[in-house]
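[1] quick check, what structure comes out for this input:
(one chain, ligands or ions: 2)
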Amino acid sequence: MSANKRYHIHTYGCQMNKRDTEAVGVLLARHGWDAAENEATSDLIIVNTCSVRGKAEDKALGKLGLLVSARRKQARSQIIGVMGCMVQRLGDTVFDKVPGLDFAVGTRRLAAIPGIVDCVVAGQGPVLDTGDNLDLAEDLCGHEEGSVTALVNVLFGCDRRCAYCIVPTVRGREWSRPADKVVEECQSLADGGIREICLLGQSVTQYGKTNAVFDESTQSSAGFTEPLPRLLESVDAIAGVQRIRFTSAHPSGCTPELVRAFKELPSVCEHLHLPVQSGADSLLKRMRRGYDTDVYRKAIAALRDVAPELGLTTDVIVGFPGETDDEFNATRAFMNEMQFDNAFIFKYSPRPGTPAAALQDDVPDEVKIQRNQLLLSDQESRGLALNERLVGTHVEVLVEGVSLRNEAKWSGRTRTNKIVVFEPVSGLKVGQLRHVRIDRAMPQTIYGYIDDESFSNNTSTRDHDSL
Ligand code: 5AD
Ligand code: SF4
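    Ligands and ions are numbered 1, 2, ... in the order given. You can find the predicted model right below:
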């Protein structure tokens, strides 16, 4: 057994938070901490928080309260800290909400955590750090070993001002990492066995728009001039990287060059998460989204033109202030028109300080719940119908390991980001690209068996037409 002290990080929120948790874990490991099996055996527990909806914050505050009171009851010495979006929003009031916390670190100071923990150990707590400089950002490029997919930060912060959204407040101004740093990180991930990379940014299509990311002397051999397509080209060129995704996109960033990147770069997967938020132009305007349904429609048409099998997923908010039945019905109809493969539906939650918080939250909760359920049930049937079309076909799957839901099965994802569950066979290994024949569909999962041999097409993994 190691003599090192043990840490555990409990994570709420989006993929960016998942990535932050991983990066902080690697930093702690470099400072002599080991990952604990569970909270009970941890000497240090950190809760990584989300502020996007009131409920997410309530959950994190509840969790922190429980941790502090469990520590008190057991009279044990354990460090309890909080990091991420909620800290940025609440500042030092987080210590009033949860008395007993040892430290609180905001979204831009995560790399300072090991040093802050040292201060707490030395009796200098509680510590608050919500600074907004990103000097330490490059310290956060470590990854856990043993996976086949990796998340890579490319853009921090968000300069959009969607009326409902707290993210610009909690994640700060936009700043894009230099492309060579991103490529270096992806190269070392590929060398370590990573096959799929997902480039992350709150509004990732803004990559390189507010600060220069490419050396003036470098040129794109494909003739791309926009930063995101150029970055995709550079990551595509890394041997070993078989799949690239990026999230979250904004319709304004679905330019002809980005569409060409989908067409010409073999590793760029036929998958896009493109939050639409509403299908009513009047509501999109009140949400200050900066596009209308026609812009969205055209972006998807252009993408489907080059990638007809595109897996398209989205986010939708129901119950934004003043949302009428007509506006809601327009959203329903638009979702049907777009044929989303999956959709995350959220009930509007007013966030303090956002422009929409000044509007009356006038859609009653029962109506929000009802609208939420309607969209979810529409999506279930649509997801099922779309997945049923895949029954009898072969899909290329990146093998990720034993299925989370059923230990007797394995699972992976298609390039279009569908989860595929299949029977293990001899020689099956995590990280392989295998062909699976689909024999059953559910709204969010497809099932089948490995059938590489009868797959008639060229099985080259970098062949764009192989799906
Ligand atoms: N209320 C409800 N949902 C929200 N989202 C962002 N802000 C809010 C809010 N105030 C949703 C959006 C976004 C997703 C991550 O969370 O749909 O795309
Ligand atoms: Fe939540 Fe947004 Fe922060 Fe992600 S960036 S954790 S979704 S508030």
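[2] which residues in the stretch 251-400 of the chain form strands?
    271-273, 311-318, 342-347, 394-402 (DSSP state E, counting those that start in this stretch).
[3] I should have written the stretch 1-150 of the chain there, sorry.
    6-11, 34-35, 44-49, 79-84, 103-105, 127-129, 149-156.
[4] ranking the strands of the stretch 251-400 of the chain by burial, who's on top?
    Greatest average neighbour count among the strands of the stretch 251-400 of the chain goes to strand 271-273 (a mean of 24), per mean count of other CB atoms under 10 Å. The way it works is simple: take the backbone N, C-alpha and C, and place the C-beta from them, glycine included.
[5] does the closest residue to L199 other than its chain neighbours sit in a helix or strand, and which one?
    Excluding the flanking residues, the one nearest L199 by CB to CB, 6 or more residues apart in numbering is F246, at 4.1 Å. Remark: F246 resides in strand 243-247, with elements defined by DSSP states H and E.
[6] mind giving me the domain ranges of the chain?
    Using automatic domain parsing, the domain parsing of the chain gives 6-129, 146-269, 277-388, 394-466.
[7] on that earlier part again, would TSV of the strands of the stretch 251-400 of the chain with mean pLDDT be doable?
    Formatted as TSV, the strands of the stretch 251-400 of the chain follow (pLDDT from 0 to 100):
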stretch	mean pLDDT
strand 271-273	98
strand 311-318	98
strand 342-347	98
strand 394-402	97
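[8] wait, which of those is closest to E22?
    Minimum separation from E22 across the strands of the stretch 251-400 of the chain (CB to CB) falls at strand 394-402, 16.0 Å.
[9] okay, the angle between that closest one and strand 243-247?
    With axes from the mean of the first three to the mean of the last three CA atoms, to 10 degrees defining the directions, strand 394-402 sits at 80 degrees from strand 243-247.
[10] how far does strand 394-402 sit from its chain's centre?
    20 Å (CA atoms, centre = their mean, to the nearest Å).
[11] what's the burial count for T93?
    10 (other CB atoms under 10 Å).
[12] hmm, I typed the wrong one, I wanted G353.
    As a measure of burial, G353 has 11 neighbours, counting by other CB under 10 Å.
[13] how about P178, phi and psi?
    phi -60, psi 140 (degrees, to the nearest 10).
[14] grab the nearest non-local neighbour of it.
    V213 (5.4 Å).
[15] the one you found touches P227, doesn't it?
    Yes. Proximity of V213 to P227 meets the contact threshold set by CB atoms under 8 Å, at 5.3 Å.
[16] can you pull the residues that touch both of those two?
    Listed as contacting both V213 and P227 by CB atoms under 8 Å, 6 or more residues apart in numbering are 176, 179, 207.
[17] so K209 sits against W175, correct?
    No. Taking contacts as CB under 8 Å, K209 lies outside contact range of W175: 10.7 Å.
[18] returning to that earlier point: just the angle for the strand holding F246 relative to strand 311-318, thanks.
    20 degrees.
[19] going forward, begin numbering at 446 instead of 1
    Yes, from this point I'll number from 446; that puts the last item at strand 688-692.
[20] list the buried residues for strand 688-692?
    Within strand 688-692, the residues scored as buried using 16 or more other CB atoms under 10 Å are 688-692.
[21] please apply the same query to stretch 585-604.
    Result for stretch 585-604 [16+ other CB under 10 Å]: buried residues 585-588, 592-603.
[22] what residues does this protein put near ligand 2?
    Contacts of the chain with ligand 2, taken as CB under 6 Å from any ligand atom, map to 458-459, 461-462, 495-497, 530, 611-612, 615-616, 647.
[23] if you set the cut-off to 8 Å instead, what comes out?
    Residues of the chain lying near ligand 2 by CB under 8 Å from any ligand atom: 457-462, 493-497, 501, 529-530, 552, 610-612, 615-616, 647.
[24] list the contacts of the strand holding F691.
    Contacts for strand 688-692 (CB under 8 Å, 6+ apart): 460, 599, 640-646, 649, 673, 677, 680-681, 710, 712-714, 716, 718, 843, 860, 862.
[25] buried subset of those residues as a ChimeraX selection?
    In ChimeraX, a selection of the buried entries from the contacts of strand 688-692 looks like this (16+ other CB under 10 Å):
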select :599,640,641,642,643,644,645,646,649,673,677,680,681,710,712,713,714,716,718,843,860,862
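[26] who does the helix of greatest length in the chain touch, helix- and strand-wise?
    Longest helix of the chain, by residue count under DSSP state H: helix 810-833. On a contact count with 3 or more CB pairs under 8 Å, 6 or more residues apart in numbering; DSSP states H and E, helix 810-833 meets strand 756-763, helix 770-783, strand 787-792, strand 878-886.
[27] quick one: closest of these to L634.
    Smallest distance to L634 across those (CB to CB): 16.8 Å, for strand 878-886.
[28] which element follows that closest one toward the C-terminus?
    strand 890-895.
[29] low pLDDT regions in the stretch 796-912 of the chain?
    899-912 (pLDDT under 70).
[30] look up phi and psi at the residue in the stretch 546-695 of the chain positioned nearest to ligand 2.
    Closest to ligand 2 within the stretch 546-695 of the chain is V612: 4.6 Å, counting by CB to the nearest ligand atom. The phi and psi torsions at V612 (degrees, to the nearest 10) take the values phi -60, psi -40.
[31] mind listing what the closest residue to it other than its chain neighbours touches?
    Sequence neighbours aside, C603 is the residue nearest to V612 in space, at 5.0 Å (criterion: CB to CB, 6+ apart). Going by CB under 8 Å, 6+ apart, C603 touches 610, 612-613, 616, 619, 647-648, 651.
[32] near ligand 1 too, which of the residues you listed?
    Okay, of those touching ligand 1 (CB under 8 Å from any ligand atom), that's 610, 612.
[33] just give me the closest of the contacts of C603 to ligand 1.
    Proximity of those to ligand 1 (CB to the nearest ligand atom) peaks at C610, which lies at 4.6 Å.
[34] burial measure for that closest one, as a count.
    23.
[35] now swap in L581 and tell me
    With neighbours defined by other CB under 10 Å, the count for L581 comes to 16.
[36] quick check: closest non-adjacent residue to it.
    Once flanking residues are discounted, L581 sits nearest to A556: 3.4 Å by CB to CB, 6+ apart.
[37] before we move on, what about N656?
    Leaving aside its sequence neighbours, N656 sits nearest to S621 (CB to CB, 6+ apart; 5.6 Å).
[38] what separation is there between that neighbour and ligand 1?
    According to CB to the nearest ligand atom, to the nearest Å, S621 stands 20 Å off from ligand 1.
[39] for that residue, give me its contacts.
    Applying CB under 8 Å, 6+ apart, the residues near S621 are 599-601, 646, 651-656, 658, 672.
[40] identify the bridge partners of it.
    On the basis of DSSP bridges, S621 is bridged to L600.
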